[in-house]
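**Q** How does the following fold in three dimensions:
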Amino acid sequence: MFTTVILGLLILSLLSCEYQGPEAIWTPIPGDRDDPKITDILPNDIANPGVLYITIEGENFFPELDSNMVYINGRVARQKSATANEIVIYRPTVTGTNLRFAIDVPGAWIIADTTGYEIPSVTSEYGRYTDTESILTFALDADENIYGMELYSTTIIRTTPIGDRLVYFTAEEKNLKSAFKSATELKTAPNKTLLFANSKNFNIYTIYNITSDSMAGDIFATLPTKVRSIDFDQNGNLFAGGEGLYVIDPDTIVTALTQYDGYAIINLKVSDDTLYVAASSATQTGIWKNQILSATGQISDKVLVFDWADAGDYASSTLNCIAVAANGDIYVGTNNANPVLIVRRNGEMEPLYRDILTSAATQMVWGEGTHLFIGFFPDFRRVYKVAVGESGAAYYCRDMN
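**A** Residues are numbered from 1 along each chain as shown. A predicted model of the protein is given here:
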């Protein structure tokens, strides 16, 4: 009897106790949002070269940047903006056809998705340079043959668009190894020649066609100061900049231009009748332009196009080079993590292919179409052909045939 009472009391005591286990480590998110839906993707069907952003239109997105997760074939896309009906993403690194877009919206039970979109690749390595080659600078002719100055062998390697290569010039044979190794810019020139400037002395050197190279390695012109960048105008004048600005006429007569006294010229480009100059002084770095006033290369006073201090996140990066589009947009090569900044004619700025180009851009040359050839030196020592969807300003003196 006593034993039965005790057992009964124990059972009642156990039944009245509440188990205090560990708290749940995951709390389900209630489905308190309407189902998201993708209704359209812009541009329609395909993001052609030159498209920097893709817009996803739909319904019931979370109206806060990065709150929705956007996936393309399972890879996260970087977002630029978000509203309840629209998410804008940067052109992704994912390429291909029949790509699947998916959006995971917080608070929703289903994932919005759609398939069938195409994103072609916009970059390809150019010149077939190997891991043992290190390109200093390059030039393009009218057929987009590339001439690369290779540091270790001190040769110029000519590569055709289909990848055929030949050694076009050997510096050692012309006693030019020292000047060659400090080359800063290579250009195609009249009469089937190449010219290169270098940062160690005041000379611009001529490299003649390999089939008739009696003049190969001759000094084309000697300037009072060091040269960093060169470019031709439509009259055959060569503008040369570095520690000062000069114009060299077709008879190789050198004339000093005073508009950039006190400035270190970084890079220069001719577009129609305009000379664009990237330069810096003790107080300012920027891009200026001058009108070419005569057939002898006289220029107007400089006009500031873009003050580098206004470049936002890029202002702390190094301005390395410029390229001018036919419509007046200026592409600026830098050492930023996204190395090419586009400065639009209206003053707006945006990176070229964010997260796709990732190494410092130190030389940019327009091809004959809508491709920009970019040299990633000195870290990568490679040249890439980049489809940008717009044409460059005309380059003069490209006929090497």
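**Q** For Lys289, grab phi and psi.
**A** Phi and psi for Lys289, reported as degrees, to the nearest 10, are phi -140, psi 150.
**Q** again, but for Lys302
**A** phi -80, psi 150.
**Q** before we move on, what about the one 5 residues further on?
**A** Here the main-chain torsion angles of Asp307 (degrees, to the nearest 10) amount to phi -90, psi 120.
**Q** My guess is it contacts Gly286. True?
**A** Yes. With contact defined as C-beta atoms under 8 Å, Asp307 reaches Gly286; the gap is 4.7 Å. To be clear about C-beta, it is placed using only N, CA and C from the backbone, and glycine gets the same treatment.
**Q** The two - which one has more neighbours?
**A** The neighbour comparison of Asp307 against Gly286 (other C-beta atoms under 10 Å) goes to Gly286, with 20 against 13.
**Q** just checking, the more buried one touches Ala279?
**A** Yes. The pair Gly286 / Ala279 is scored as a contact, 7.2 Å apart, by C-beta under 8 Å.
**Q** Give me the nearest residue to the residue most central in space within the chain, chain neighbours excluded.
**A** Geometric centre of the chain, nearest residue: Val340, 3.5 Å, by C-alpha atoms, centre = their mean. In space, and not counting its chain neighbours, Val340 is closest to Leu352: 3.9 Å by C-beta to C-beta, 6 or more residues apart in numbering.
**Q** Run a quick neighbour tally on that neighbour.
**A** For Leu352, using other C-beta under 10 Å, the count is 23.
**Q** Next: the one 3 residues further on.
**A** The criterion is other C-beta under 10 Å. On that basis, Asp355 has 14 neighbouring residues.
**Q** wait, it sits on Thr93?
**A** Yes. Here Asp355 reaches Thr93: they are 5.9 Å apart, a contact under C-beta under 8 Å.
**Q** And the protein, what are its domain boundaries?
**A** Following the assignment in automatic domain parsing, the chain carries domains at 37-119, 123-387.
**Q** Could you identify which of those is most buried?
**A** Across the domains of the chain, averaging neighbours per residue (mean count of other C-beta atoms under 10 Å) puts domain 123-387 on top, at a mean of 18.
**Q** Model confidence at the residue lying closest to Pro43 once chain neighbours are set aside, what's the number?
**A** Excluding its sequence neighbours, the residue lying closest to Pro43 (C-beta to C-beta, 6+ apart) is Val51, at 6.0 Å. Predicted confidence (pLDDT) for Val51: 98.
**Q** Checking my notes, Val51 in a strand, right?
**A** No. Read with DSSP: H, G, I helix; E, B strand; the rest coil, Val51 is coil and lies in no strand.
**Q** Start at 20, not 1
**A** Okay, residue one is now 20; in that scheme the one you just asked about reads as Val70.
**Q** any idea how far it lies from Thr112?
**A** Taking C-beta to C-beta, to the nearest Å as the criterion, Val70 is separated from Thr112 by 14 Å.
**Q** Give me the contacts around stretch 389-399.
**A** Contact with stretch 389-399 is made by 68-69, 145, 153-157, 159, 165, 342, 350, 352, 358-359, 376, 378-386, 401-411, as judged by C-beta atoms under 8 Å, 6 or more residues apart in numbering.
**Q** give me the beta-bridge partners of Ala202?
**A** For Ala202, the beta-bridge partners are Asn217 (DSSP bridges).
**Q** same thing with Ser100?
**A** For Ser100, the beta-bridge partners are Val107 (DSSP bridges).
**Q** got the contact list for it?
**A** Leu84, Ile106, Val107.
**Q** Can you check the pLDDT for it?
**A** On pLDDT, Ser100 comes in at 97.
**Q** Would you mind measuring from it to Ile306?
**A** 28 Å.
**Q** and the domains of the chain as JSON lines, adding distance to Arg417?
**A** JSON lines is the format used below for these (distance: least, C-beta to C-beta, whole Å):
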{"stretch": "domain 56-138", "distance to Arg417": "22"}
{"stretch": "domain 142-406", "distance to Arg417": "4"}
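**Q** of all those, which lies closest to Tyr415?
**A** Across the domains of the chain, Tyr415 has its closest neighbour in domain 142-406 (4.5 Å, C-beta to C-beta).
**Q** From the opening residue of the closest one to its closing one, how far?
**A** 6 Å (C-alpha to C-alpha, to the nearest Å).
**Q** do the same with stretch 134-154
**A** Start and end residues of stretch 134-154 are separated by 42 Å (C-alpha to C-alpha).
**Q** The stretch 70-219 of the chain: helices as residue ranges?
**A** Under the criterion DSSP state H, counting those that start in this stretch, helices of the stretch 70-219 of the chain are mapped to 196-200.
**Q** I figured Val407 was touching Gly69, is that so?
**A** Yes. Counting by C-beta under 8 Å, Val407 does reach Gly69; the two are 5.6 Å apart.
**Q** And the domains of the chain, which one averages the lowest pLDDT?
**A** Among the domains of the chain, domain 142-406 scores lowest, with a mean of 91.
**Q** just how off-centre is that domain within its chain?
**A** 15 Å (C-alpha atoms, centre = their mean, to the nearest Å).
**Q** ok, the residue nearest to Pro62 to Leu371 distance?
**A** In this view, Val70 and Leu371 are 11 Å apart by C-beta to C-beta.
**Q** before we move on, what about Thr225?
**A** In terms of C-beta to C-beta, Thr225 sits 34 Å off from Leu371.
**Q** quick one: contacts for Arg97?
**A** With contact set as C-beta under 8 Å, 6+ apart, Arg97 has these partners: Ile108, Tyr109, Pro111, Arg373, Asp374.
**Q** Just give me the closest of those residues to Ala314.
**A** Arg373 (42.6 Å).
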